[in-house]
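Predicted coordinates and the sequence they were generated for:
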Protein chains: 2
Amino acid sequence: MRVLILGGDGYLGWPTAMHLSKKGYDVAIIDNYFRRNACRELNREPLLPALNLHERVAEWQRVSGKKIEVAIGDITHYPFLKSCFSGVAFTGNNDKAKYPDAVIHYAEQPSGPYSMMDYEKSSFTITNNLMSTLNLIHAIKEYKPECHIIKLGTMGVYGTPNIDIEEGYIEIEKGGRKHTCLFPKSPGSLYHLTKVQDGDMLYFYCKTWGIKVTDLNQGPVYGMFTDETQNNENLATIFNYDDIFGTVLNRFIVQAVCGYPLTVYGKGGQVRGYLNIKDTLQCVELTLRTPASEGEYRVLNQFTETFTVNDLAKKVQDSGRRLGLDVKIKAIANPRVEAEDHYYNPKHTGLMELGLQANLLSGDVLDEMIGFVKKYKSSVNTNCIKPQVKWN
Amino acid sequence: MRVLILGGDGYLGWPTAMHLSKKGYDVAIIDNYFRRNACRELNREPLLPALNLHERVAEWQRVSGKKIEVAIGDITHYPFLKSCFSGVAFTGNNDKAKYPDAVIHYAEQPSGPYSMMDYEKSSFTITNNLMSTLNLIHAIKEYKPECHIIKLGTMGVYGTPNIDIEEGYIEIEKGGRKHTCLFPKSPGSLYHLTKVQDGDMLYFYCKTWGIKVTDLNQGPVYGMFTDETQNNENLATIFNYDDIFGTVLNRFIVQAVCGYPLTVYGKGGQVRGYLNIKDTLQCVELTLRTPASEGEYRVLNQFTETFTVNDLAKKVQDSGRRLGLDVKIKAIANPRVEAEDHYYNPKHTGLMELGLQANLLSGDVLDEMIGFVKKYKSSVNTNCIKPQVKWN
């Protein structure tokens, strides 16, 4: 099975590529190095340096014997994306055997704070995230209508509604009548908004063109270890711990190691659904193996457990203390506009029904992360730990 | 009160500009001639030739004594839009007196069929409609946060749900809990999708930056006469009757005059809310006079009565017969993907509460339209009457 991974150089894309390659999928990666470039420009370099993508796949081939193809370019430029669909970008030839059976779309600008920084970054976020998705839809229609799109969404599209969050759809009863529709959204940043907009776009084209789509509404991911990255730092994933690209638990771990108080935004009562990076890989593979049907816009909520920010801070503090670190927690003014104390009950049975075996957030997992980060403590840039982007 | 009209050269924009100018508003028009250019490129010229915008405002000044300023350019180019906000585009100087108190945003690509024609037109629709709105939001934050945005939306964002359509928001009860949110959307074309997306964007920035927005979800508009256009063909509005830019009733009128069977798509049971072009002007002015509050995303459903497509065809047939025309009705294969027989009960009390006096679709209104179009019968291009764009 031929799988294109858009954004395959990123925090999740690269581990996904190796994971699927190991399982025997014919994997090709497309990336424009946006994330690496943005990290350099904003002086928010990842914890470890990473090989470039060509070097990474060479190293992967050395240790696994498996080949992953690479094309560097920007999929918002439609002719480039077409060349990836046709195979021209990889072999110079239009080759039907290279037309993808599935595309995993990680190629969106993934940061809320980045999208709220300034005009340039907000316009980039809109253009990049929507044009990449529109181009993907058109390429599928043109080359391979039966190709399955797996798009990474975010639980953040739902906001924090006062009713249970369903997986994608809700049946509304009103005035004695019933209507089933997409679950209402309330995104908390421009980035999250684009994930509502791309989902609505995919849903429209499912109904109109009969394309097959799975939207994985993922919660914040934590961790850096997968079976493929674990024992070879040349294969490690990009790990950000800063205020722009670092997810909250990863950020807390680095703060704990550096003796920097854990930065809880506001009251810390914000609840979200989290998952281990290993489970992202599992979820994507399970989804690949059981594709959406023709015309189906399938939505799955991708997380394994919910915590408040205070819960996470406490867990990191406990783990740090076990390992001899003096971890402080400090509530700071919330740079975001969001509820800090709210109802939150999202469903997430779909992926478990597909067979997800959750890797939960145990003390061992936290201790292992802290142990790993300790080795790189001297590389940490503590200037980028405090939030510098305000929502308004 | 200073009012910028984005897209002020169009079918609704130009009559709105004259109407507000006459009422004493300080009006400036911004337009990039997209509509005129697209009509030429697609060989779908309007029924009457129109003066260019500089000639139009000169003619308006001659008959009314009132001055309307003009800037020709593309508001998806942010520096240009900023020059319109600062006054530089009009006077060469940054002048706070020129910062707008309100902006009426008609500058989106307005056609469903256009958005479904091909890749280029779909990507244009996304980019134009979303970047124009994003730029407008940023310009307001930069120049005049208290400026009121009046954005023209469409009733088409709602689709045809099996429950009553509220004005913008709905309260959902589920599992004993209540939640109020934006009314669920189900747009029927990529164009309509962009109106969902821009609405979601405006709603987000209302909550986050406290901007003031009214979204007018308008039904299909018909007619060509307003007080300002009625007696001077040099001031007439652009009137399209084709399959791409012509709204359904305007198209039927021209078909009736030319002896071309009225093209009902599919079963013709599609219900929509319609309004006379005069009422668009009323609604916009009423909205201007009672702006949204700080941080408010106000949604008003803008139509005066609902009809099925079959109802409209029958009304045009009756009017034609009264005027001695042999009008036939012909059901043709529906080029769109849409329900042809459905529940439809949209609310529209908000604008009536603001004082809207509806101009309903009477026999006199139809007869007057047919009488006018008859004068231009020889200009009609019947090649562009039949639908040529298929949704899939």
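Arrived safely, thanks for sending.

and stretch A:137-154, which residues are buried?
Neighbour-count burial for stretch A:137-154 flags A:137-141, A:143-144, A:147-154 (criterion: 16 or more other Cβ atoms under 10 Å in any protein chain shown). Where C-beta positions appear, they are placed from N, C-alpha and C, glycine not excepted.

cool, and stretch A:175-189?
Those would be A:179, A:181-189, for stretch A:175-189 by 16+ other Cβ under 10 Å.

now swap in stretch A:379-386 and tell me
Of all the residues in stretch A:379-386, those buried under the rule 16+ other Cβ under 10 Å are A:380, A:384-385.

separation between A:Thr16 and chain B?
27 Å (Cβ to the nearest Cβ, to the nearest Å).

is it true that that residue touches A:Lys278?
No. Checked against Cβ atoms under 8 Å, the pair A:Thr16 and A:Lys278 is beyond contact range at 11.0 Å.

Compare neighbour counts for the two and give me the winner.
Taking other Cβ atoms under 10 Å in any protein chain shown, A:Thr16 and A:Lys278 do not tie; A:Thr16 has more neighbours (31 against 20).

Does the more buried one belong to a helix, a strand or coil?
helix (DSSP: H, G, I helix; E, B strand; the rest coil).

what residues are up against it?
Shown in contact with A:Thr16 (Cβ atoms under 8 Å, 6 or more residues apart in numbering or on different chains): A:5, A:8, A:104, A:106, A:280-281, A:284.

contacting residues around the closest residue to A:Thr226 other than its chain neighbours?
Of all residues not flanking A:Thr226 in the chain, A:Pro15 sits nearest, at 4.5 Å (Cβ to Cβ, 6 or more residues apart in numbering or on different chains). Residues in contact with A:Pro15 (Cβ under 8 Å, 6+ apart) are A:226, A:228-229, A:237, A:277, A:280-281.

out of those residues, who's nearest A:Leu48?
The shortest approach to A:Leu48 among the contacts of A:Pro15 belongs to A:Thr237, at 8.9 Å (Cβ to Cβ).

Assign a three-state SS to that closest one, would you?
coil.

What pLDDT does the model give it?
According to the prediction, A:Thr237 has pLDDT 96.

State the number of residues packed around it.
The number of residues packed near A:Thr237 is 25, by other Cβ under 10 Å.

Roughly how far does it sit from A:Arg56?
Taking Cβ to Cβ, to the nearest Å as the measure, A:Thr237 and A:Arg56 are separated by 10 Å.

who touches both of those two?
Shared contacts of A:Thr237 and A:Arg56 (Cβ under 8 Å, 6+ apart): A:14, A:50.

quick revisit: ok, of the buried residues of stretch A:175-189, which one's closest to A:Asn94?
Nearest member of the buried residues of stretch A:175-189 to A:Asn94, counting by Cβ to Cβ, is A:Leu182, at 36.9 Å.

so that closest one bridges to which residues?
A:Tyr169 (DSSP bridges).

what residues does stretch A:299-307 touch?
With contact meaning Cβ under 8 Å, 6+ apart, stretch A:299-307 is reached by A:153, A:155, A:165, A:167-169, A:183, A:199, A:214-219, A:271-276, A:279-280, A:283, A:287, A:315, A:344, A:346-348, A:350-351, A:354, A:356, A:358-361.

What are the buried residues along it?
Within stretch A:299-307, the residues scored as buried using 16+ other Cβ under 10 Å are A:299-304, A:306-307.

Let's see which of these end up in helices.
Residues of the buried residues of stretch A:299-307 located in helices (DSSP state H): none.

So which bits of the helix ranked longest in chain A are buried?
Using DSSP H, we find that the single longest helix of chain A is helix A:119-143. Of all the residues in helix A:119-143, those buried under the rule 16+ other Cβ under 10 Å are A:119, A:121-141, A:143.

what's the nearest residue to A:Gly87 if we skip its chain neighbours?
Per Cβ to Cβ, 6+ apart, closest to A:Gly87 is A:Lys98, 2.9 Å.

That neighbour contacts A:Ala89, correct?
No. Shown here, A:Lys98 and A:Ala89 do not form a contact pair, counting by Cβ under 8 Å, at 9.1 Å.

How about the contacts made by A:Thr229?
Counted by Cβ under 8 Å, 6+ apart, A:Thr229 has contacts A:15, A:18, A:235-237.

rerun that using 6 Å as the cut-off
A:15, A:235-237 (Cβ atoms under 6 Å, 6 or more residues apart in numbering or on different chains).

Please dump those into CSV; it should also carry distance to B:Tyr265 for every row.
Compiled in CSV, the contacts of A:Thr229 are given as follows (distance: Cβ to Cβ, whole Å):
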residue, distance to B:Tyr265
A:Pro15, 49
A:Leu235, 56
A:Ala236, 57
A:Thr237, 52
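
Same list (the buried residues of stretch A:379-386) but as TSV, adding secondary structure and pLDDT.
As requested, the buried residues of stretch A:379-386 are exported to TSV (DSSP: H, G, I helix; E, B strand; the rest coil; pLDDT from 0 to 100):
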residue	secondary structure	pLDDT
A:Val380	coil	96
A:Cys384	helix	92
A:Ile385	coil	88
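
any idea which of those is closest to B:Asn250?
When these are compared for distance to B:Asn250 (Cβ to Cβ), A:Cys384 wins out at 57.5 Å.

can you give me the helices in the stretch 51-200 of chain A?
Taking DSSP state H, counting those that start in this stretch to define them, one finds helices in the stretch 51-200 of chain A at A:53-64, A:78-86, A:88-91, A:112-115, A:119-143, A:190-209.

got the buried residues for the third one?
When you say that, I think you mean helix A:88-91. The neighbour-count criterion (16+ other Cβ under 10 Å) identifies A:88-90 as the buried residues of helix A:88-91.

Pull up the residues of the stretch 101-250 of chain A that are close to chain B.
Counting by Cβ under 6 Å from any Cβ of the partner chain, the positions of the stretch 101-250 of chain A adjacent to chain B are A:119, A:126, A:130, A:134, A:138, A:161-164, A:172, A:174-175, A:177, A:179, A:181, A:184, A:193, A:196-197, A:200, A:204, A:208-209.

Now intersect the contacts of stretch A:299-307 with the helices, please.
Residues of the contacts of stretch A:299-307 located in helices (DSSP H): A:199, A:279-280, A:283, A:287, A:315, A:350-351.

Just send these back as JSON lines, with pLDDT too.
Output for the ones in helices among the contacts of stretch A:299-307, formatted as JSON lines (pLDDT from 0 to 100):
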{"residue": "A:Gly199", "pLDDT": "98"}
{"residue": "A:Asp279", "pLDDT": "98"}
{"residue": "A:Thr280", "pLDDT": "98"}
{"residue": "A:Cys283", "pLDDT": "98"}
{"residue": "A:Thr287", "pLDDT": "98"}
{"residue": "A:Lys315", "pLDDT": "98"}
{"residue": "A:Gly350", "pLDDT": "98"}
{"residue": "A:Leu351", "pLDDT": "98"}
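
most surrounded residue in the residues you listed?
Neighbour counts for the ones in helices among the contacts of stretch A:299-307 peak at A:Cys283, which has 27 neighbours (criterion: other Cβ under 10 Å).

Hmm, A:Glu353 and that one touching each other?
No. Using Cβ atoms under 6 Å, A:Cys283 is not in contact with A:Glu353, being 12.0 Å away.

What are the buried residues along stretch A:163-175?
A:163-168, A:170, A:172, A:174.

which of those residues sit farthest apart?
Using Cβ to Cβ, the pair of the buried residues of stretch A:163-175 lying farthest apart is A:Glu167 and A:Lys174, separated by 21.3 Å.

one step back: measure the residue nearest to A:Thr226 to A:Glu59 for me?
14 Å.
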